[in-house]
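> Sequence plus predicted model, see below.
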Amino acid sequence: MEAREQGNERYTRLVRGCFRSGGYIFAGKAGDIARERGISRIARLASNENPSPPSPGAIALGCAALKEANRYPDESMELLLQRLRQTYGSYQFVTGVGMDGVIETLIRILVNPGDKVAVATPTFSFYGIAARAQSAKVFSVQRKEDYSVDPAVFIDAAQDAKISFLCSPNNPTGTVTPPGVIDEILAGIDGILFLDNAYVEFSDIDYLPLMNTYENLVIGRTMSKAYALAGARIGYAFVPAWVLPYYRRASTPFTLNSVSAQAAIGALGDSEAMKRYVTHVRRWRERLLCECAFTAAPSDANFIMVDVSPWTGDAMVRELALRGIIVRSCASFPGLPDHFIRVSIGDEWENDLFLKEIRAIREADTDRSSKGPDLP
Ligand SMILES: *Cc1c(COP(=O)(O)O)cnc(C)c1O
């Protein structure tokens, strides 16, 4: 035992500082609380997934590809690239294991130890995690009080960054940054802007015309949210042509597995299910905003961020888990006060259950405070 621990220390000393603590935070723990309580039907509103299975086309092509999975994939991903061009027009694309994989590869291409990476904050944590893993200096650029991005402030901070990250619609606030602001930023910075469009299908905004004007814009997309393929790990990005040879060198030899690539082709060719889900999300996010017993901000994504004060986000996550609902605390998003939760738009029954339970929590609070602490 002792020898093993000594041995461990001997080798764990070799681990780089950036991996000694921290890391991506998953929503798992709240699920355990609900299961321990014996709740079998859990509303899963923590990870912004599409609650429906992948489209029939995605399932058919993915299953067919599994039958030939003894062979390596086509490393050029030509069929998927063709399908992407059919869907969006004649842009250049790169693919990756989730958008996370694309982000990691781009950072590997651009960032030397000590280089600057700027991030519009509060936002998705993986940009900072991936940049620190490449020994970047990460600069948070705080969004305004309404979570909008001030282009002058952003340019000032991101001017000399190798790569900057801006998420729109933003996770977890739901805020959209208008294309005019992105345009101004692209003209004002020296480095690359990674515009994370994980939720763009749920908004009315189209940033693609900017791809024709700027050589320093990368637009990241994922099939994990609108396209119901989170488990298949499929990400892609619109890139300027100069990126392509470098991306090929810096990525792992096969950017996507053949099953996921075929599932993606199926899903893109069969987008009715996606459109139905987007309609469902748009209808429900208005309803959740109106009927939620706590204040929520307008959102252009498939989730809403709810101000649960005087509760903390963590305490509310626990309380909702006891009632069979898993949501995400925003306490792990740097730059945000600790009294927010993020709630995905789920199936009808999940949304109804959330509204009912959050109302019950609010009413219990009100009863308690109207009684006063000293009354019997
Ligand atoms: C979910 C999410 C991603 C990652 O998506 P994957 O393709 O599943 O890796 C990227 N950015 C944001 C803002 C997200 O919320």
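Cool, got the structure. Residues are numbered from 1 along each chain as shown.
> Closest residue of the stretch 51-200 of the chain to the ligand?
Going by Cβ to the nearest ligand atom, the ligand is nearest to residue 98 of the stretch 51-200 of the chain, at 2.5 Å. Using the backbone N, CA and C atoms, a C-beta is placed for each residue, glycine as well.
> who's that residue bridged to?
Under DSSP bridges, the beta-bridge partners of residue 98 are residue 234.
> So it sits against residue 232, correct?
No - applying Cβ atoms under 8 Å as the test, residue 98 and residue 232 come out as separate, 9.0 Å apart.
> picking up where we left off before, tell me how far the residue of the stretch 51-200 of the chain closest to the ligand lies from residue 14.
For residue 98, the distance to residue 14 equals 28 Å [Cβ to Cβ, to the nearest Å].
> same thing with residue 329?
From residue 329 to residue 14 the distance is 34 Å (Cβ to Cβ).
> What of residue 202?
Distance, residue 202 to residue 14, by Cβ to Cβ: 44 Å.
> For residue 148, grab the count of nearby residues.
Counted with other Cβ atoms under 10 Å, residues neighbouring residue 148 total 16.
> brain fart, residue 275
Residue 275 - counted by other Cβ under 10 Å - has 11 other residues nearby.
> before we move on, what SS does it have?
helix (DSSP: H, G, I helix; E, B strand; the rest coil).
> how about residue 272, what does it touch?
Residue 272 makes contacts with residue 55, as judged by Cβ atoms under 8 Å, 6 or more residues apart in numbering.
> for residue 173, that is, sorry about that
Per Cβ under 8 Å, 6+ apart, neighbours of residue 173: 122, 143, 147, 297, 299, 305.
> for residue 141, same thing?
Applying Cβ under 8 Å, 6+ apart, the residues contacting residue 141 are 118, 119, 120, 121, 149, 153, 154, 157, 158.
> Please repeat the previous calculation with a cut-off of 7 Å.
Shown in contact with residue 141 (Cβ atoms under 7 Å, 6 or more residues apart in numbering): 118, 119, 120, 121, 153, 154, 157, 158.
> Show me which of the residues you listed is closest to residue 319.
Distance ranking of those against residue 319, using Cβ to Cβ, places residue 121 first at 27.2 Å.
> thought the closest one was touching residue 144?
No - Residue 121 is beyond contact range of residue 144, at 11.4 Å (criterion: Cβ atoms under 7 Å).
> Show me where the stretch 1-150 of the chain has its helices.
Ranges of helices within the stretch 1-150 of the chain are 2-12, 28-36, 56-66, 78-88, 98-110, 126-133, based on DSSP state H, counting those that start in this stretch.
> and the shortest one with the ligand, contact?
No - using Cβ under 6 Å from any ligand atom as the criterion, no contacts between helix 126-133 and the ligand are found, and the smallest distance is 6.7 Å.
> Packing partners of that helix?
helix 98-110, strand 116-121, strand 137-142 (3 or more Cβ pairs under 7 Å, 6 or more residues apart in numbering; DSSP states H and E).
> Output the ones you listed as CSV; include the columns mean pLDDT.
Converted to CSV, these look like this (pLDDT from 0 to 100):
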stretch, mean pLDDT
helix 98-110, 98
strand 116-121, 98
strand 137-142, 97
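> Out of those, indicate the one that is most buried.
Highest mean neighbour count of the helices and strands packed on helix 126-133: strand 116-121, a mean of 25 (counted as mean count of other Cβ atoms under 10 Å).
> For that strand, which outside residues touch it?
Here strand 116-121 has contacts from 111, 127-128, 131, 136-143, 149, 154, 157-158, 160-166, 334-335, using Cβ under 7 Å, 6+ apart.
> more crowded one of residue 202 and residue 14?
Neighbours around residue 202 and residue 14, counted as other Cβ under 10 Å, are more numerous at residue 202. The numbers are 24 against 6.
> Please name the residues that touch that one.
Contacts of residue 202 (Cβ under 7 Å, 6+ apart): 169, 226, 278, 281, 300, 301, 302.
> And residue 258, by the same measure?
Contact partners of residue 258, counting by Cβ under 7 Å, 6+ apart, are 65, 69, 73.
> Can I get the buried ones among the residues you listed as something I can paste into PyMOL?
Buried residues among those (16 or more other Cβ atoms under 10 Å), as a PyMOL selection:
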select buried, resi 65+73
